[in-house]
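> I'd like to go over a predicted model; first the sequence, then the structure.
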Amino acid sequence: MDPKRLGYCGTCASGRAPDDPPPCSTCPCAKGPDLKPENRDALRLWLAAGTQWRSAGFGLVGLDYAALALVAGLLRPPVDLDPHCFDKIQALERFELARAAKGKGS
């Protein structure tokens, strides 16, 4: 599979055999985005809940909110899924749903 389609940056995607793992641990992109402290818990929850999407025959429907609350409590330290954090997760969810719909040509 094409490493760029897997979401690797140009540094990690280029100059390696298909079966070699990407050098993400030494990549300058591996640091991740600079986040305000008030957004860190939302990002932790977003990344941990990446497998909690509901889908139907036509594609993604949205996040499973019951599972999202469970994942928030299982993280260490737990994430307080308060209204502010939930708003941030929903903004990310809307972005991903729009991106998925755009990718389907809708």
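It's in. Numbers count the residues shown, from 1 in each chain.

> For the longest helix that the chain contains, list every residue counted as buried.
In the chain, assigned by DSSP state H, the helix with the most residues is helix 83-103. Buried residues in helix 83-103, counted by 16 or more other CB atoms under 10 Å: Cys85, Phe86, Lys88, Ile89, Leu92, Glu93, Glu96, Leu97. C-beta coordinates here come from the backbone N, C-alpha and C atoms, glycine included.

> For it, the averaged confidence score.
On average, the pLDDT along helix 83-103 is 94.

> Remind me what it packs against, helices and strands.
Contacts defined by 3 or more CB pairs under 8 Å, 6 or more residues apart in numbering; DSSP states H and E place helix 83-103 against helix 40-48, strand 59-63.

> Could you export it as CSV, CA atoms only?
Only the C-alpha atoms of helix 83-103 are listed here, as CSV (Å, rounded to 0.1, in the frame of the first residue of the first chain):
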residue,chain,number,x,y,z
PRO,A,83,-19.5,19.8,27.3
HIS,A,84,-16.3,21.7,26.2
CYS,A,85,-14.4,18.5,25.4
PHE,A,86,-17.5,17.0,23.7
ASP,A,87,-17.8,20.2,21.5
LYS,A,88,-14.2,19.7,20.4
ILE,A,89,-14.8,16.0,19.6
GLN,A,90,-17.9,16.9,17.6
ALA,A,91,-16.0,19.5,15.6
LEU,A,92,-13.4,16.9,14.7
GLU,A,93,-16.2,14.4,13.9
ARG,A,94,-17.9,16.9,11.6
PHE,A,95,-14.6,17.6,9.8
GLU,A,96,-13.9,13.9,9.3
LEU,A,97,-17.5,13.2,8.1
ALA,A,98,-17.2,16.1,5.6
ARG,A,99,-13.8,14.8,4.4
ALA,A,100,-15.2,11.3,4.0
ALA,A,101,-18.2,12.6,2.0
LYS,A,102,-15.9,14.7,-0.2
GLY,A,103,-13.7,11.6,-0.9
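
> center of this structure - which residue?
Here the mean C-alpha position of the chain is nearest to the C-alpha of Leu47 (CA atoms, centre = their mean), at a distance of 4.6 Å.

> winner for burial among the helices and strands packed on helix 83-103?
The densest packing among these, expressed as mean neighbour count by mean count of other CB atoms under 10 Å, is seen in helix 40-48 with a mean of 17.

> No further questions, thank you.
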